[in-house]
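Engineer: Attaching a predicted model along with its sequence, questions to come.
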Amino acid sequence: MKIFRAAVVLVALLGQPAMAGYDDGLAAFNAGDYQRALEAWRELADEGNATAQYFYGFMYSNGLGVARDYAEAAVWYGRAAQQGLAKAQNNLGYLHANGLGVTRDVEVAAQWYRRAAEQGEAKAQNNLAILYARGEGVNGGAPDPIAAVRWFEEAAEQDLADAQFRLAIMIEQGLGTEADPKKVLSWLRRAADLGHAGAQNSLGYRYSTGQGVEADLTLAAAWFTRAAEQGVADAQNNLGVIFANGLAGPRDYKQAHLWFSLAAAQGHEEAKASRDQLVRRMSDRQIAAAEQLLLDWAADGSQPIVPAAGR
């Protein structure tokens, strides 16, 4: 079997003062009655209330109470964004960055992200940092790691886990800033504690190999488990390795089979090979128990399937 491998809303209140219709809409939204929320906010949105317009855009973009319609979402986000509402500016930027309901235009996306980022919107700061790191829509199409790190830091300090994870990777690679292993671990821990699956998998890998920390396979298994339960294929594979070889406790083929199978279902070739190799070691009774565990897991339906990087 292969050894470990590293991988690399709802809506918050917007500070809008209470007014007729707004509170009714918010109560309906929180109760899951999206149609009533739309009805309550419609007049406010038509009258130019930026928060109501933002909510309208959000509901169209997510198909809440209406059929999903990114073009309509862009209209409502645009109205709120023009009034300076940072969350609407960020979301409008996202639509432009991905060509959802509008023509894809990363430069326009960057402009909206920047307007929101300068108001302190953490998600916009993170999105703008990603564009600087990639050299998309900014800086004449060339990466600017210094600017990327600056915006990642702004978002990371607001406890945006994805920004913390990305900042850790930038620091580890010495991009836009000096490499500092202690800072890398600090940001990874903060992101992992906030539930970032990629950071959890990265910590698991470090504890499994002793990279920057004292090797501890029990801690490695704990971090891999948290990432694996969120659907990260590399973490599932790594957890399978631990159970199959008894590296953090008794050998458990049934658990190893489960995690290898979940990773293999996402196209993880190493996990598929390891599972097939494992099955040749197992008795018919063990295989039956393992297959039942997998069926039980699938029936629960609680596992989201996400990319291997955990984003």
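Structural biologist: Received, thanks.

Engineer: How much space separates residue 231 from residue 297?
Structural biologist: Separation of residue 231 from residue 297 (CB to CB, to the nearest Å): 11 Å. Yep, even glycine has a C-beta here, placed from its N, CA and C like the rest.

Engineer: who's more crowded, these two?
Structural biologist: Each of residue 231 and residue 297 has its neighbours counted (other CB atoms under 10 Å); residue 231 has more, 21 against 15.

Engineer: Give me the distance between residue 153 and residue 238.
Structural biologist: Between residue 153 and residue 238 the distance, using CB to CB, works out to 29 Å.

Engineer: Those two: which is more packed in?
Structural biologist: Higher neighbour count among residue 153 and residue 238: residue 238, with 31 against 20, using other CB under 10 Å.

Engineer: Check the secondary structure at the more buried one for me.
Structural biologist: helix (DSSP: H, G, I helix; E, B strand; the rest coil).

Engineer: Where does the prediction get shaky in the protein?
Structural biologist: 1-20, 301-311 (pLDDT under 70).

Engineer: burial of residue 230, as a residue count?
Structural biologist: Using other CB under 10 Å: residue 230 sits among 20 other residues.

Engineer: what helix or strand is it on?
Structural biologist: For residue 230, there is no host helix or strand (DSSP states H and E).

Engineer: For residue 262, see how far away it is.
Structural biologist: Taking CB to CB, one finds residue 230 at 11 Å from residue 262.

Engineer: So which elements touch whichever helix or strand residue 150 is part of?
Structural biologist: Element membership of residue 150, judged by DSSP H and E, is helix 145-156. Applying 3 or more CB pairs under 8 Å, 6 or more residues apart in numbering; DSSP states H and E, we find helix 145-156 packed against helix 122-134, helix 161-173.

Engineer: Residue 98 contacts residue 104, doesn't it?
Structural biologist: Yes - applying CB atoms under 8 Å as the test, residue 98 and residue 104 come out as touching, 6.8 Å apart.

Engineer: the strands in the stretch 201-311 of the chain, which residues?
Structural biologist: Shown for the stretch 201-311 of the chain, no strands are assigned by DSSP state E, counting those that start in this stretch.

Engineer: got the phi/psi numbers for residue 214?
Structural biologist: phi -70, psi 130 (degrees, to the nearest 10).

Engineer: same question, residue 135
Structural biologist: According to degrees, to the nearest 10, residue 135 has phi 70, psi 40.

Engineer: Leaving out sequence neighbours, find the closest residue to it.
Structural biologist: residue 143 (3.8 Å; CB to CB, 6 or more residues apart in numbering).

Engineer: Test my guess that that neighbour contacts residue 130.
Structural biologist: No - Residue 143 is not in contact with residue 130 according to CB under 8 Å; the separation is 10.8 Å.

Engineer: Overlap in contacts, these two.
Structural biologist: By CB atoms under 8 Å, 6 or more residues apart in numbering, residue 143 and residue 130 have no common neighbours.

Engineer: Who are the contact partners of residue 184?
Structural biologist: Going by CB under 8 Å, 6+ apart, residue 184 touches 168, 171-172, 212.

Engineer: if you set the cut-off to 6 Å instead, what comes out?
Structural biologist: 168, 171-172 (CB atoms under 6 Å, 6 or more residues apart in numbering).

Engineer: List just the nearest of those to residue 198.
Structural biologist: Distance ranking of those against residue 198, using CB to CB, places residue 168 first at 9.6 Å.

Engineer: What distance do you get for the closest one to residue 126?
Structural biologist: For residue 168 relative to residue 126 (CB to CB), the value is 13 Å.

Engineer: Now for residue 192, which secondary structure element holds it?
Structural biologist: helix 181-193.

Engineer: Return the set of buried residues in that helix.
Structural biologist: 184-185, 187-192 (16 or more other CB atoms under 10 Å).

Engineer: between that helix and helix 145-156, how many degrees?
Structural biologist: 40 degrees (axes from the mean of the first three to the mean of the last three CA atoms, to 10 degrees).

Engineer: Could you check the angle helix 181-193 makes with helix 161-173?
Structural biologist: Using the same axes, to 10 degrees, helix 181-193 lies at 160 degrees relative to helix 161-173.

Engineer: In PDB, could you pull the C-alpha coordinates for helix 181-193?
Structural biologist: Provided in PDB are the C-alpha atoms of helix 181-193 (Å, rounded to 0.1, in the frame of the first residue of the first chain):
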ATOM      1  CA  PRO A 181       7.500  27.200   9.300                       C
ATOM      2  CA  LYS A 182       6.100  28.400  12.600                       C
ATOM      3  CA  LYS A 183       3.700  30.800  10.900                       C
ATOM      4  CA  VAL A 184       2.700  28.100   8.500                       C
ATOM      5  CA  LEU A 185       1.700  25.800  11.400                       C
ATOM      6  CA  SER A 186       0.000  28.600  13.200                       C
ATOM      7  CA  TRP A 187      -2.200  29.500  10.300                       C
ATOM      8  CA  LEU A 188      -2.900  25.900   9.400                       C
ATOM      9  CA  ARG A 189      -4.100  25.200  13.000                       C
ATOM     10  CA  ARG A 190      -6.300  28.200  13.000                       C
ATOM     11  CA  ALA A 191      -7.900  27.200   9.700                       C
ATOM     12  CA  ALA A 192      -8.200  23.600  10.800                       C
ATOM     13  CA  ASP A 193      -9.900  24.500  14.100                       C
END
